[in-house]
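[1] need the 3D shape of this:
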Amino acid sequence: MSLKDAIAAKKQRTSQNKEVALQEIKKETTKRLNVNVPASRLQQFKAKAAIEGTDMSTLVNHWIQAYLKASKNIE
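    Okay, here's the model as predicted:
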């Protein structure tokens, strides 16, 4: 699937997914996270998230939560 198709899929997100993302953002004050990744990996990430109808911020927040939860189990 091309990037153009992925962007089109992103535009077709359901309002429910958007509402979930907005609720997550409203829970707490947010801060911007800048991460250096290879350009090709970022393009793939954007495309896959768009195809799945998932916001990239939501995915990153879930990954951070899982990482923090796993580190609590180690201690």
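[2] any idea how far the residue most central in space within the chain is from Ser71?
    For the chain, the residue nearest the mean C-alpha position is Met56 (1.9 Å; Cα atoms, centre = their mean). Note on Met56: its distance to Ser71, by Cβ to Cβ, to the nearest Å, is 23 Å. For the C-beta atoms, the positions are set from N, CA and C on the backbone; glycine is no exception.
[3] what about the spatially closest residue to the residue nearest to the centre of the chain that is not a sequence neighbour, which SS state?
    In this structure, Met56 finds its nearest non-sequential neighbour in Ala49, 4.9 Å apart by Cβ to Cβ, 6 or more residues apart in numbering. What DSSP: H, G, I helix; E, B strand; the rest coil gives for Ala49 is helix.
[4] the helices in this structure, which residues?
    In the chain, the segments counted as helices under DSSP state H are 3-11, 15-26, 39-52, 56-74.
[5] quick one: low-confidence residue ranges for the chain.
    Scanning the chain with the threshold set as pLDDT under 70 gives 1, 7, 9-16, 24-25, 73-75.
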